[in-house]
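Provided below for reference: sequence and predicted model.
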Amino acid sequence: MPSHSIAFIGTGVMGRSMAGHLLTAGHTLRVHNRTKAKARELLAAGASWHDTAGEAAAGADFVITIVGYPRDVEQTYFGSDGVLARARAGAVLIDMTTSSPKLAQRIAGAAAERGLAALDAPVSGGDVGAREARLVIMVGGDAAAFARARPLFEIMGRNIARHGPAGAGQHCKLANQISIASIMMSWCEALTYAEKAGLDPSRVIDSIGAGAAASWSLVNLAPRALRGDFAPGFYVKHFLKDMRIALDSAAELQLDLPGLVQAKKLYDEVSRRGWDDCGTQALFRLYAGRTD
């Protein structure tokens, strides 16, 4: 594909690797992040630094954002020196943050009024998926804009699908998070039971992780938890944010999701204990009674 100028806003745990793949593929990278130090590796590799999101967007064919919370998305796009104020006509705006479907629709409407196209394209796969360029990318928005952006998505991920108009990508990601919420409880409970029964939980993972109980979280996160490794591939605080958005959206759809409600209660306790900046596998600490 031809080389493009890409503004990449948000170079945290996942964004840093995603942006790096685009740079390695030969694209010109214009970077902005709230903390410049987190962009150091990209700058050393040839990316250019810009002091605001709008400044980064001003010279870009594509603008990609992956920030923390819906309020950050809103500020990045609608701020006085934000993406919508500065992006040049014809650019494609791609928000890869897990955020609100309604906000995705607002961004798409505002973009269209300015001669821009917008996609919501949240991802799943965590830090490992970002590093290995095998993210799942769930997209909502205009089909023609999706076709233009797809070559970029293929640099960062493997499972890429457009699910419908603006907001559809966010709805798909919320379905993903709803599923994960109960899965996290399931392997924590299974391993707690195995340990109490006198089994080696690592061997239990080898057995049940090859059968009907298998999940990505069991195979990838449970071994980290058993080692006492609670470093973030995906932050507890961000998972809680996703669950709050999902519960709000479920309420709008008049849905009762008891598994999600229970997971949110447990993760609220994880947060209360000061583990917001741990990875989501920190839930196991509650079940195991660990304080390390």
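That came through, no problem.

how far is stretch 51-63 from where the chain is centred?
Offset of stretch 51-63 from its chain centre (CA atoms, centre = their mean, to the nearest Å): 21 Å.

low-scoring pLDDT stretches of this structure, where are they?
1, 290-292 (pLDDT under 70).

mind giving me the domain split of it?
Using automatic domain parsing, the domain ranges for the chain come out as 5-165, 171-288.

residue contacts, Ala166?
104-105, 107-109, 118-120, 140-142 (CB atoms under 8 Å, 6 or more residues apart in numbering). C-beta coordinates here come from the backbone N, C-alpha and C atoms, glycine included.

Kindly give a single PyMOL line that selects the buried subset of these.
Applying 16 or more other CB atoms under 10 Å to these, the buried members can be selected in PyMOL as follows:
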select buried, resi 104+105+107+108+118+119+120+140+141+142
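
could the contacts of Ala166 go into TSV alongside distance to Gln254 and secondary structure?
Formatted as TSV, the contacts of Ala166 follow (distance: CB to CB, whole Å; DSSP: H, G, I helix; E, B strand; the rest coil):
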residue	distance to Gln254	secondary structure
Ala104	21	helix
Gln105	19	helix
Ile107	26	helix
Ala108	25	helix
Gly109	25	helix
Ala118	28	strand
Leu119	28	strand
Asp120	23	strand
Gly140	22	strand
Gly141	26	strand
Asp142	29	coil
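
Met14 is in contact with Lys38, correct?
No - between Lys38 and Met14 there is no contact under CB atoms under 8 Å: 11.5 Å.

Would you mind telling me which of these two has the busier surroundings?
Neighbour count, other CB atoms under 10 Å: between Lys38 and Met14, Met14 has more, with 24 against 16.

Excluding sequence neighbours, find me the nearest residue to the more buried one.
Ala130 (4.1 Å; CB to CB, 6 or more residues apart in numbering).

what about that neighbour, how many residues close to it?
Around Ala130 there are 25 residues (other CB under 10 Å).

which one of the domains of the chain has the most crowded surroundings?
Ranked by mean neighbour count under mean count of other CB atoms under 10 Å, those are led by domain 5-165, which reaches a mean of 20.

give me phi/psi at the closest residue in space to Pro232 that isn't next to it in sequence?
Distance criterion CB to CB, 6+ apart; nearest residue to Pro232, sequence neighbours excluded, is Gly279 at 4.2 Å. Backbone torsions of Gly279, given as degrees, to the nearest 10, read phi -70, psi 160.

Touching, Gly279 and Leu221? I think so.
Yes - here Gly279 reaches Leu221: they are 7.2 Å apart, a contact under CB under 8 Å.

which residues do the two both contact?
By CB under 8 Å, 6+ apart, the residues touching both Gly279 and Leu221 are Gly233.

all strands for this structure, in order.
For the chain, applying DSSP state E gives strands covering 5-9, 28-32, 48-49, 62-65, 92-95, 117-120, 123-124, 135-141, 157-164.

Just tell me which of the ones you listed ends up closest to Asp229.
Distance to Asp229, taken as CB to CB, is lowest for strand 123-124 among the strands of the chain, at 20.6 Å.

Which residues does that closest one contact?
14, 18, 66, 96, 129-130, 135-138, 156-157, 173, 176.

What is the nearest of the residues you listed to Lys196?
Of the contacts of strand 123-124, the one sitting nearest to Lys196 (CB to CB) turns out to be Asn176, at 30.7 Å.

For the closest one, which residues are in contact?
124, 136, 138.

Apply 6 Å and report the result again.
The contact partners of Asn176, by CB atoms under 6 Å, 6 or more residues apart in numbering, come to Ser124.

Could you do His27 as well?
Here His27 is in contact with 3-4, 6 (criterion: CB under 6 Å, 6+ apart).

Turn those residues into TSV, columns for distance to Asn33.
As requested, the contacts of His27 are exported to TSV (distance: CB to CB, whole Å):
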residue	distance to Asn33
Ser3	22
His4	20
Ile6	14
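
with these in mind, which one is nearest to Val204?
Ile6 (44.3 Å).

any idea how far the closest one lies from Arg272?
In this view, Ile6 and Arg272 are 40 Å apart by CB to CB, to the nearest Å.

what do you get for Gly198?
Distance from Gly198 to Arg272, by CB to CB: 31 Å.
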